[in-house]
Each structure stands twice: as structure tokens, then as C-alpha cells.
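Undergrad: give the three-dimensional model of this entry:
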Amino acid sequence: MAESSQSRIPSEYLNVGFTDSILCHILSYLPTKDVVCTSILSRRRQHVWKDLHFIHMDDMPFWKHYDDEERHARFDSFVNATLAQRNADTYHIQKFRLKASCSEETISTWLAPVIVPSLQELYLELRNVDHYGDAINVPEGIFTCPSLKSLVLKGYIRVFDGPNVYLPSLKNLDLNIPFVNIHELLSGCPAIENLSLYL
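TA: Coordinates of the predicted model:
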């Protein structure tokens, strides 16, 4: 398993008599790439990662080993495979974090199975895939997710002409993006408690 800056859980702790629910809770603090790697530790742990309610994707580890084209291909393949193989019907996504360079089409595809009624926390830090293209429009379904409690948008993201906004549970909103109609966005967030803006 490749080392990263994230803290490591020694393998002996992953093989003691934890129930799967406790193990899932421990693994939820790691990036998904590292979590999937733990499946090789034992046969019992092989599929536990598919039951996680938390997904954390970051393309930075792929930068260390591949050139631009291969990095994008490998990261895209990894995200697609992870979303396809997890037990989505039983274990709905509650928290989703994505830090990546991707196209608008790709982000729409990845978020389609993520924007579900159970989603509570969404963190997106996006860079345009070619670094020179237009800002990325995120799917409008984000702004009508009734259970969403925390929304963080960073990078080259556009929330400008304003989708219909209805986020009745949203308490935390953190925006560091160049294009947003903040008044229209806040009009649909009646429960907001924490607001951080860098526009």
C-alpha cells in the first residue's frame, strides 16, 4: 500500500475482532484510495469498503507517478470503478469529498449517484481539466438536496445564473469560487449558521 501524508492505521488493528460497522467507522477517516487498499489484508475485509457511507477522492496521489494523460485516465477509472462497485442500494452516501481536475461532463457523471436524499456533506474542490476552459457548472440537483447540512465549493466552479435553491437543512456553507449569485443562493438556505465566502 502506497504511503501518503494521511495517518496510517497499522494492519494489526484492522485484523482484530472489530465488527464491520466499527471498522467502517475507522476507515471513514481515510481517503477512499487507501481504504480500498485495506481489502488485501484479509478475506473478511475484502468487501467492507463497499459499505462505507463516506467517499473521499483526491487525484493528488496520482500526480506523483503518472504524466497528465495517464493520471487523468487512471484517476477517472478508479472513481468510476469505486462508485460502480460499492453497495449503493443498501449503504447510501452521506459524505462525499472530491478534489480533482476534471471536465464538466465527468463531474456530472460522478455526482449522479451521489446526490441522493441521504447526502449530508458535500465537498468539491475542482480544477478545469485543461486549466484554460470555462468554469465548471455543477449539477443543479446539489441545490435541492433536502438533507444536505454542509456544502463546500472551491476552485473553478460556476454558480452564477442561479439554479432553484432549496436547502432547508443546510447549516454550513463555504464558498471559494469565482462565479456565484450569492443573494439567490442564500435565499434558499433558511437554516444557515456558518457562512464562509471568498469570492
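
Undergrad: my read: residue 110 touches residue 98, true?
TA: Yes - counting by CB atoms under 8 Å, residue 98 is a contact partner of residue 110 at 7.1 Å. Yep, even glycine has a C-beta here, placed from its N, CA and C like the rest.

Undergrad: local confidence estimate at residue 107?
TA: With respect to pLDDT, residue 107 has a value of 91.

Undergrad: for residue 97, that is, sorry about that
TA: Looking at residue 97, the pLDDT reads 91.

Undergrad: pLDDT-wise, which helix or strand of the protein ranks last?
TA: Here the helix or strand of the chain ranked lowest by mean pLDDT, DSSP states H and E is helix 11-14, holding a mean of 48.

Undergrad: what's near enough to touch residue 158?
TA: 134, 135, 136, 137, 138, 177, 178, 179, 180 (CB atoms under 8 Å, 6 or more residues apart in numbering).

Undergrad: now render the residues you listed as CSV, adding secondary structure, neighbour count and distance to residue 84.
TA: Below are these laid out as CSV (DSSP: H, G, I helix; E, B strand; the rest coil; neighbours: other CB atoms under 10 Å; distance: CB to CB, whole Å):
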residue, secondary structure, neighbour count, distance to residue 84
134, coil, 10, 28
135, coil, 17, 28
136, strand, 23, 22
137, strand, 16, 24
138, coil, 22, 21
177, coil, 22, 29
178, coil, 13, 33
179, strand, 15, 32
180, strand, 17, 32
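
Undergrad: got a list of what residue 115 touches?
TA: 139, 141, 142, 145.

Undergrad: can you put the contacts of residue 158 in CSV and add distance to residue 77 and pLDDT?
TA: Listed next are these as CSV, based on distance: CB to CB, whole Å; pLDDT from 0 to 100:
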residue, distance to residue 77, pLDDT
134, 25, 74
135, 25, 84
136, 20, 88
137, 24, 88
138, 22, 89
177, 27, 91
178, 30, 86
179, 30, 81
180, 32, 85
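
Undergrad: name whatever forms a beta bridge with residue 101.
TA: residue 127 (DSSP bridges).

Undergrad: from residue 121, how far off is it?
TA: 22 Å (CB to CB, to the nearest Å).

Undergrad: show me which of these two is the more surrounded one.
TA: More crowded of residue 101 and residue 121, by other CB atoms under 10 Å: residue 101, with 21 against 17.

Undergrad: separation between the more buried one and residue 173?
TA: Taking CB to CB, one finds residue 101 at 24 Å from residue 173.

Undergrad: Three-state assignment for residue 124, please.
TA: With DSSP: H, G, I helix; E, B strand; the rest coil as the basis, residue 124 sits in strand.

Undergrad: first-to-last residue distance for stretch 158-174?
TA: Chord length of stretch 158-174, first to last residue, is 14 Å (CA to CA, to the nearest Å).

Undergrad: numbering from 7 from now on, please.
TA: Noted, 7 is the first residue going forward, which turns the last one into stretch 164-180.

Undergrad: find the nearest non-adjacent residue to residue 200, please.
TA: Among residues not flanking residue 200 along the chain, residue 178 sits closest, at 4.5 Å (CB to CB, 6 or more residues apart in numbering).
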